[in-house]
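take this sequence and fold it.
(chains A and B)
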Amino acid sequence: MTIKKRFGSSNCEDRCDCLFALPRYQARVEVQLRPSVLDPAGEATRSAAARLGIEGLQSLRIGKAIVLSLEAADAKQAEAQVGVLCDRLLANPVTENWSISLEELQA
Amino acid sequence: MTVGIVVFPGSNCDRDMAWALSGILDLPCRFLWHDTTSLEDIQAVVLPGGFSYGDYLRCGALASLSPLLHAVHAFAADGGPVLGICNGFQVLTEMGLLPGALTRNQNLHFICEPCELVVSPGSCHLLKGYGEQERVQFPIAHGEGRYQCQADTLSELEQNGQLVLRYGHNPNGSILDVAGVCNRSGNVLGLMPHPERASDPLLGGIDGQRLLQALLG
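So this is what the prediction gives:
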């Protein structure tokens, strides 16, 4: 918005929009405990599922999903940024793995 | 000579710690709000127990990015003593000052009870007041205190004598009964049990006093 105000003319506003609007992406991050890490909450839920009479349930692991949207130059950059976020904040590499699925949002 | 007690939104053992330090042991201390950046005149830093940021995302994860903890990184690198208790231990692992992670107790319960600990002080400065294999009693109060780390890290920690505190009777499923870990250079200690709750004679035990005294000792 400040950029538009500085230039003033409607012509320039159009140009600024086109220069500065970056594509938007939606990322869905899934964080799961590593297979080697015991998931006591998952185990307890599996036992409860068995009490429901559900048969054949082999395993149940509980993770979390984080949905975010961001602006980036392209899909590669968006994925790289979300990757850094996963490594540094969303997941703990000692106990968790993560995966990203990314889609471009229409303007 | 002052101990700095870091206060995050959701810390709840900060005042217990201040009472143990200044009320019981007559050691000067002051609170440090997590949003500040200065550790001027601070000789030792304590990260107290509680639920920093409501344990959102993972215990200790959001606190580990607080502005003050940038300064604590540098402070620890310079050899300054840093003690993390319970949630403070979780924060130390999240900020990478200690290896490993604290995960959900094996039996899923929040466990609040006195615990016998076996001390192996090795080169940990903060445990220098305890004898090798001395048994002490500190209470625990946590839902996510099960220490875990990768196998190669664990053998490294064991070889270097960094597994300085172990449970006499493992309450939470921690690997090798680990209750507390120190860093390689011995100035950063994280533990799940609460030494500040084993410092007031009124509460039935004072085994924690020597640990707190070592902060300025």
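
what segments of chain A are strands?
Along chain A, counting by DSSP state E, strands occupy A:24-33, A:64-71, A:96-105.

chain A contacts on chain B?
Proximity of chain B to chain A (CB under 8 Å from any CB of the partner chain) is limited to residues B:57-58, B:61, B:65, B:93-94, B:99-101, B:103-108, B:148-150, B:173. C-beta: built from backbone N, CA, C; applies to glycine.

so which of the residues you listed belong to strands?
Short answer: the residues of chain B next to chain A in strands (DSSP E) are B:101, B:103, B:148.

number of residues surrounding the nearest residue to the second one once chain neighbours are set aside?
In other words, B:T103. Nearest non-adjacent residue to B:T103, counting by CB to CB, 6 or more residues apart in numbering or on different chains: B:R146, 4.8 Å away. Look at B:R146: counted by other CB atoms under 10 Å in any protein chain shown, it has 24 neighbours.

any weak-confidence spans in chain A?
For chain A, applying pLDDT under 70 flags the ranges A:1-19.

any idea which residue of it lies closest to chain B?
Residue nearest to chain B within chain A: A:V94 (4.1 Å; CB to the nearest CB).

quick check: beta-bridge partners of the nearest residue in space to that residue that is not next to it in sequence?
Of all residues not flanking A:V94 in the chain, B:A101 sits nearest, at 4.1 Å (CB to CB, 6+ apart). Counting by DSSP bridges, B:A101 forms beta bridges with B:Q148.

ok, now A:E103?
Note on A:E103: beta-bridge partners by DSSP bridges are A:Q26.

quick check: it touching A:Y25?
Yes. Using CB atoms under 8 Å, A:E103 is in contact with A:Y25, at 6.8 Å.

which bits of chain A sit near chain B?
Within chain A, the positions lying close to chain B (CB under 8 Å from any CB) are A:37-38, A:40-41, A:44, A:89-90, A:92, A:94-95.

name the SS class of the residue sitting furthest away from the middle of chain B, please.
Distance from the C-alpha centroid of chain B, by CA atoms, centre = their mean, peaks at B:D152 (23.0 Å). State at B:D152, reduced to three classes by DSSP: H, G, I helix; E, B strand; the rest coil: helix.

mind listing the helices for chain B?
Taking DSSP state H as the test, the helices found in chain B are B:14-18, B:67-77, B:87-94, B:151-159, B:209-213.

looking at those, which is buried most?
When the helices of chain B are scored by mean count of other CB atoms under 10 Å in any protein chain shown, the highest mean neighbour count falls to helix B:87-94 (a mean of 29).

neighbours of A:D74, how many?
Residues near A:D74, counting by other CB under 10 Å, number 12.

show me what contacts it?
Counting by CB atoms under 8 Å, 6 or more residues apart in numbering or on different chains, A:D74 touches A:P23.

and B:Q213, by the same measure?
Applying CB under 8 Å, 6+ apart to B:Q213 gives the contacts B:25, B:27, B:129.

counting neighbours, what do you get for the closest residue to the second one other than its chain neighbours?
If I follow you right, that is B:L27. Leaving aside its sequence neighbours, B:L27 sits nearest to B:L21 (CB to CB, 6+ apart; 4.6 Å). Other residues lying near B:L21 total 25 when counted by other CB under 10 Å.
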